[in-house]
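Peer 1: only geometry, no sequence info:
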């Protein structure tokens with residue numbers, strides 16, 4: 001960002017502002033002789049209030065005697081008053097404010113004269129100049145929505161039945177198609193980071209990868225098999241698929257005794273009839289399908305903001321966040337293999353980390369401005385509802401029991417606010 005200058009004036013002072021990269025601003029301030037004299041008179045009064053002289057009540061000694069005995073104290077008080085008063089008046093006049101209380105450098109009082117006035121400079125880091133965002137300027141592409149068919153409903157109901165099933169351990173034979181197996185899956189090339197632990201899979205085509213099914217069929221409990229993951233779908237082929245060398249340990253073989261699909265089963269899940277259960281499952285699946293579309297649009301909105309709004313960020317925030325990220329990367333390296341370290345260094349270059357930090361900080365300021373401009377708020381009821389959802393779905397990872405109450409509330413608040421801001425953008429953008 002190039003240096004930009006602007007002049008402000010009133011009867012007491014004139015200010016020349018200059019902006020530097022990193023959201024830094026310098027005030028060059030000239031205080032008028034009249035204002036300097038007024039500050040000097042106030043300095044005498046301030047010192048007078050604080051001192052006691054023989055023969056005079058506190059605060060009642062003549063100015064001439066105060067000047068004679070405390071001239072150095074008066075001069076120091078006067079200079080402090082000049083700086084404090086000029087700075088406050090400069091803030092009021094320019095409407096430029098420091099980023100926080102630690103953002104102001106020590107002022108430099110270049111000259112101080114009651115007859116000629118005073119000159120001083122003050123440098124500080126300020127809030128960024130955040131551009132205005134109009135969602136109507138955005139064009140988002142609506143992704144294809146997954147239509148819910150009867151097979152989806154049947155599969156979801158089957159998952160419910162499996163959840164309420166009675167399980168029998170199989171110990172006298174090998175894995176057969178249709179069994180359920182609990183597996184540990186390790187990445188052979190990264191043994192410190194297991195892919196899953198005690199995860200249950202159905203040993204059937206379409207329920208687990210064909211490559212994995214071939215490995216476990218015919219094996220027994222505690223058998224260990226190794227193989228490489230393979231592409232299974234067209235989506236895998238289109239994606240940046242990378243085969244993983246896996247070690248699979250068969251922990252158990254089980255078969256379920258499923259509950260009957262009747263009104264009694266519906267009651268177990270809090271509904272009255274099996275027809276009501278089917279209707280509720282279909283409704284929930286359609287909501288999930290709609291939410292996937294909305295999530296994709298939110299992601300597009302975030303990408304649009306990150307790619308189209310380039311503005312200066314406070315240097316201290318940038319450096320602090322970059323340092324934090326580099327420390328986390330260094331922690332990952334300490335636990336990584338030599339091959340993983342190479343990949344981490346390729347992925348997290350200094351340039352890429354700097355870019356990611358700038359993008360995330362700009363998104364933070366942009367979204368908060370959108371929230372402020374459009375009065376987007378989060379209620380206590382919304383926080384409580386969000387908390388209940390995450391408590392019932394601990395896999396979300398957003399909160400955990402070890403967190404303090406204030407930390408949980410803050411995380412939930414920010415999560416809701418972020419979602420509401422993006423939904424506002426989506427609702428007002430052009431969707432094609």
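Peer 2: Good, I have the coordinates. None of these values were measured; they are calculated from a predicted model.

Peer 1: where does this structure have its least confident helix or strand?
Peer 2: Sorted by mean pLDDT, DSSP states H and E, the helices and strands of the chain end with helix 234-238, the least confident at a mean of 50.

Peer 1: quick check: mean pLDDT across the following helix or strand past it?
Peer 2: Using DSSP states H and E, the helix or strand that follows helix 234-238 towards the C-terminus is strand 245-257. The pLDDT scores in strand 245-257 average 95.

Peer 1: how far does strand 245-257 sit from its chain's centre?
Peer 2: 38 Å (C-alpha atoms, centre = their mean, to the nearest Å).

Peer 1: quick one: buried residues of that strand?
Peer 2: Residues of strand 245-257 classed as buried: 246-250, 252-253, 256 (neighbour count, 16 or more other C-beta atoms under 10 Å). For every residue, glycine as well, the C-beta is placed using N, CA and C.

Peer 1: in the helix or strand following that strand, which residues are buried?
Peer 2: Where DSSP H and E defines the elements, the next helix or strand beyond strand 245-257 is helix 263-268. By neighbour count with 16+ other C-beta under 10 Å, helix 263-268 contains the buried residues 265-266.

Peer 1: likewise for stretch 425-432?
Peer 2: The neighbour-count check on stretch 425-432 (16+ other C-beta under 10 Å) flags 425-426, 429 as buried.

Peer 1: ok, stretch 405-417 next?
Peer 2: By neighbour count on 16+ other C-beta under 10 Å, the buried set for stretch 405-417 is 408-409, 411-412, 415-417.

Peer 1: and what of stretch 60-78?
Peer 2: Residues 61, 66, 70, 73-74, 77-78 are the ones in stretch 60-78 that count as buried (16+ other C-beta under 10 Å).

Peer 1: could you give the separation of it from the chain centroid?
Peer 2: Distance, stretch centre to chain centre, for stretch 60-78: 55 Å (C-alpha atoms, centre = their mean).

Peer 1: for the stretch 1-150 of the chain, which segments are assigned as helices?
Peer 2: 33-50, 63-94, 150-163 (DSSP state H, counting those that start in this stretch).

Peer 1: same list (the ones you listed) but as JSON lines, adding mean pLDDT.
Peer 2: Listed next are the helices of the stretch 1-150 of the chain as JSON lines, based on pLDDT from 0 to 100:
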{"stretch": "helix 33-50", "mean pLDDT": "91"}
{"stretch": "helix 63-94", "mean pLDDT": "91"}
{"stretch": "helix 150-163", "mean pLDDT": "94"}
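
Peer 1: nearest to residue 321, out of those helices?
Peer 2: Between residue 321 and the helices of the stretch 1-150 of the chain, the shortest gap by C-beta to C-beta is with helix 63-94, which sits at 26.5 Å.

Peer 1: what's the angle between the closest one and helix 33-50?
Peer 2: Per axes from the mean of the first three to the mean of the last three C-alpha atoms, to 10 degrees, the angle that helix 63-94 makes with helix 33-50 is 130 degrees.

Peer 1: remind me what helix 63-94 packs against, helices and strands.
Peer 2: strand 4-9, strand 13-20, strand 24-31, helix 33-50, strand 108-113, strand 117-125 (3 or more C-beta pairs under 8 Å, 6 or more residues apart in numbering; DSSP states H and E).

Peer 1: who's in contact with residue 104?
Peer 2: Taking C-beta atoms under 8 Å, 6 or more residues apart in numbering, we find residue 104 in contact with 87, 98, 122-124.

Peer 1: if you set the cut-off to 6 Å instead, what comes out?
Peer 2: Counting by C-beta atoms under 6 Å, 6 or more residues apart in numbering, residue 104 touches 98, 124.

Peer 1: separation between it and residue 98?
Peer 2: Going from residue 104 to residue 98 by C-beta to C-beta, to the nearest Å gives 5 Å.

Peer 1: mutual contacts of these two, please.
Peer 2: Residues touching both residue 104 and residue 98 (C-beta under 6 Å, 6+ apart): residue 124.

Peer 1: show me the domain layout of this protein.
Peer 2: Using automatic domain parsing, the domain ranges for the chain come out as 4-125, 166-257, 269-431.

Peer 1: any chance of the ones you listed in TSV, plus distance to residue 132?
Peer 2: Shown next, in TSV, are the domains of the chain (distance: least, C-beta to C-beta, whole Å):
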stretch	distance to residue 132
domain 4-125	17
domain 166-257	37
domain 269-431	8
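
Peer 1: so which of these is nearest residue 142?
Peer 2: Set against residue 142 and scored by C-beta to C-beta, the domains of the chain come closest in domain 269-431, at 5.1 Å.

Peer 1: start and end of that closest one, how far apart?
Peer 2: 38 Å (C-alpha to C-alpha, to the nearest Å).

Peer 1: and if you look at stretch 225-243?
Peer 2: End-to-end for stretch 225-243, by C-alpha to C-alpha: 16 Å.

Peer 1: strands along the stretch 301-432 of the chain, start to end?
Peer 2: Listed in chain order, the strands of the stretch 301-432 of the chain (DSSP state E, counting those that start in this stretch) span 430-431.

Peer 1: which sections of it are below the confidence cut-off?
Peer 2: Within the stretch 301-432 of the chain, the segments meeting pLDDT under 70 span 392-397.

Peer 1: all helices for it, in order.
Peer 2: Listed in chain order, the helices of the stretch 301-432 of the chain (DSSP H, counting those that start in this stretch) span 315-335, 338-347, 350-373, 380-392, 405-428.

Peer 1: can you put those helices in JSON lines and add distance to residue 116?
Peer 2: Output for these, formatted as JSON lines (distance: least, C-beta to C-beta, whole Å):
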{"stretch": "helix 315-335", "distance to residue 116": "35"}
{"stretch": "helix 338-347", "distance to residue 116": "60"}
{"stretch": "helix 350-373", "distance to residue 116": "42"}
{"stretch": "helix 380-392", "distance to residue 116": "59"}
{"stretch": "helix 405-428", "distance to residue 116": "53"}
